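**Q** predicted model follows, preceded by the sequence.
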Amino acid sequence: MAGKIKGTGGFTQKAVVRIGLLLSVVVVLFAFGRQMAIPSSYGEYGRYRGDNISEVVSKAVNYAGGGAATCRDCHQSQYQAVFQKEHGGFDCQTCHGPAANHVKKPKEFSPTVKADAELCGSCHRQITGRDDAKIATIRIDSHSGGVACGKCHNPHQPRAGLGGSN
Amino acid sequence: MENGVSRRRFLTLTGKMVAAGMLVPLGSLIGLSNGARAAAPKTDWPKVWEGKQWGFVVDTEKCIGCARCVKACKEENGVPMDEEVYRTWVERYVETGNGVSIDSPNGGLDFPPLGSSTKKQFFVPKLCNQCENPPCVQVCPVGATYRTGDGVILVDAARCVGCRYCIQACPYGARFLHPKTHVADKCNWCYHRVSKGMKPACVTVCPVGARKFGNLKDHDDPVTEIVEKERIRGLKPEKGTKPQVFYTGLDEVVM
């Protein structure tokens, strides 16, 4: 004991205290940085940000759900017309386009549809791969020359023939 | 020494103060994040997922290649119409004298008439297979893509860094870099719709019923019935990804 110099013993040694302090600063800095870098919900359910599920789910819907029944309440006659015919099983939005906004605010948003050769042709144009046994196909150029199909056909009563646009 | 504080003492004191200063925000941060977690009304997702396992059936015999699904998908999910990227697309297989020709111009929206062929010809709709064993999730370095408890792979657009590793990893080519957001994007079976009880947009608009969507854990679901009773095939079974899009009437040439 006699030969011992003050401040050199074990954990009270100045150098050890200093290194200890430095180390604790590093640890705290790391913990702080980690806390800042990792989103709070990360790892909640797995190796991803748990909050993202709600973010994805809350995305806006453009195509209304519920099928043609959703449209029936307001568009009775059109529904009755199309219901029994070849196009009866369709969701109205297949041709009329996205209508979720229209269902919510009918006066502000209206889906627009043109019964033209492009729209009808997407199903009825004759192309390789499209089987005439499954669907009635035509050659647009020789059939109508690209005149809007709705001029002669009623898409709600496809087999009724030349009913005009409705 | 002139100011009465030695350099050593100054450094020590500063170090101690910084350390003490760091502890305060750290502690408050931990407290805050825990507090926020408890305060906000959060959905208990594991409970929502209970008894749900989404599945998708594609009947290639019914598909007429009208690509209403491609259009509806883009409109529903904010994928630019005029860009050559698709969450779902329709391929056309035409057997010719020397092999099979496969095309999908503009995702199937612009099929040209082509010369007539008397041999086998058909359409195959493609989309993300929501694999049970997804390579895209495995390779993501930042945890930006994951599989939910009800079996859908989602992309966290806020977390994705756009490294495209997942695009490379997908054996089905289902992923792409979104031209506007510049992060990975892909079909998620319209998760925002199906979690509200609706069908995916492509299933909604398909005029021939070639696309079907349902809950595989519900044994009365028509989709479950098809998967359990009919002859089905997933794409590229040799990849070991266990795809959850099941095809009926699929020709052997389809990859």
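**A** Great, that's in hand.
**Q** give me the low-pLDDT residue ranges for the chain?
**A** You didn't say which chain, so I picked chain A. A:1-11, A:159-166 (pLDDT under 70).
**Q** let me rephrase: I mean chain B.
**A** Ranges of chain B meeting pLDDT under 70: B:1-4, B:19, B:21-40, B:114-117.
**Q** can you name the residue of it nearest chain A?
**A** Nearest residue of chain B to chain A, counting by C-beta to the nearest C-beta: residue B:198, 3.2 Å away. (Each C-beta comes from the backbone N, C-alpha and C, glycine too.)
**Q** and for that residue, nearest residue in space, chain neighbours not counted?
**A** Spatial nearest neighbour of residue B:198, excluding adjacent residues (C-beta to C-beta, 6 or more residues apart in numbering or on different chains): residue A:65 at 3.2 Å.
**Q** how is chain A divided into domains?
**A** A:10-57, A:66-111, A:114-166 (automatic domain parsing).
**Q** dump those domains to JSON lines, plus mean neighbour count and distance to chain B.
**A** As requested, the domains of chain A are exported to JSON lines (neighbours: other C-beta atoms under 10 Å in any protein chain shown; distance: least, C-beta to the nearest C-beta, whole Å):
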{"stretch": "domain A:10-57", "mean neighbour count": "14", "distance to chain B": "4"}
{"stretch": "domain A:66-111", "mean neighbour count": "16", "distance to chain B": "4"}
{"stretch": "domain A:114-166", "mean neighbour count": "16", "distance to chain B": "4"}
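**Q** which helix of chain A spans the most residues?
**A** helix A:14-37 (DSSP state H).
**Q** show me what it is packed up against.
**A** Here helix A:14-37 touches helix B:7-39, going by 3 or more C-beta pairs under 8 Å, 6 or more residues apart in numbering or on different chains; DSSP states H and E.
**Q** after the helix it packs on, heading C-terminal, what element do we hit next?
**A** Counting by DSSP states H and E, the next helix or strand C-terminal to helix B:7-39 is helix B:45-49.
**Q** enumerate the residues of the stretch 101-250 of chain B near chain A.
**A** Residues of the stretch 101-250 of chain B found near chain A (C-beta under 8 Å from any C-beta of the partner chain) are B:109, B:111-117, B:121-123, B:143-146, B:148-149, B:154, B:156, B:158-159, B:188, B:191-193, B:195-199, B:201, B:204-209.
**Q** next, residue A:65: secondary structure please.
**A** Using DSSP: H, G, I helix; E, B strand; the rest coil, the structure places residue A:65 in coil.
**Q** just to revisit the earlier point, ok, the residue nearest to residue B:198 to residue A:98 distance?
**A** 12 Å (C-beta to C-beta, to the nearest Å).
**Q** also residue A:105?
**A** Relative to residue A:98, and taking C-beta to C-beta, residue A:105 is found at 14 Å.
**Q** who's in contact with the residue in chain A positioned nearest to chain B?
**A** Nearest residue of chain A to chain B, counting by C-beta to the nearest C-beta: residue A:65, 3.2 Å away. By C-beta atoms under 8 Å, 6 or more residues apart in numbering or on different chains, the residues touching residue A:65 are B:193, B:196, B:197, B:198, B:199, B:204.
**Q** let's see it at 10 Å
**A** A:91, A:100, A:103, B:193, B:194, B:196, B:197, B:198, B:199, B:201, B:204 (C-beta atoms under 10 Å, 6 or more residues apart in numbering or on different chains).
**Q** how about the domains of chain A in JSON lines, adding distance to residue B:133?
**A** Listed next are the domains of chain A as JSON lines, based on distance: least, C-beta to C-beta, whole Å:
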{"stretch": "domain A:10-57", "distance to residue B:133": "15"}
{"stretch": "domain A:66-111", "distance to residue B:133": "33"}
{"stretch": "domain A:114-166", "distance to residue B:133": "32"}
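**Q** pull the residues that contact stretch B:228-240.
**A** Contacts of stretch B:228-240 (C-beta under 10 Å, 6+ apart): B:57-60, B:124, B:126, B:129, B:131-133, B:135, B:170-172, B:216, B:219, B:221, B:226, B:241-252, B:254-255.
**Q** for it, output the C-alpha coordinates as CSV.
**A** Taking Å, rounded to 0.1, in the frame of the first residue of the first chain, the C-alpha atoms of stretch B:228-240 are listed here in CSV:
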residue,chain,number,x,y,z
GLU,B,228,-59.8,-27.8,-53.8
LYS,B,229,-61.7,-29.7,-56.5
GLU,B,230,-60.4,-28.7,-59.9
ARG,B,231,-57.1,-29.2,-61.6
ILE,B,232,-55.1,-26.1,-61.0
ARG,B,233,-51.6,-24.9,-61.6
GLY,B,234,-49.5,-22.1,-60.3
LEU,B,235,-46.8,-20.5,-62.5
LYS,B,236,-43.2,-21.6,-62.3
PRO,B,237,-43.6,-24.2,-59.5
GLU,B,238,-39.9,-25.1,-59.9
LYS,B,239,-39.0,-21.7,-58.4
GLY,B,240,-40.4,-22.9,-55.0
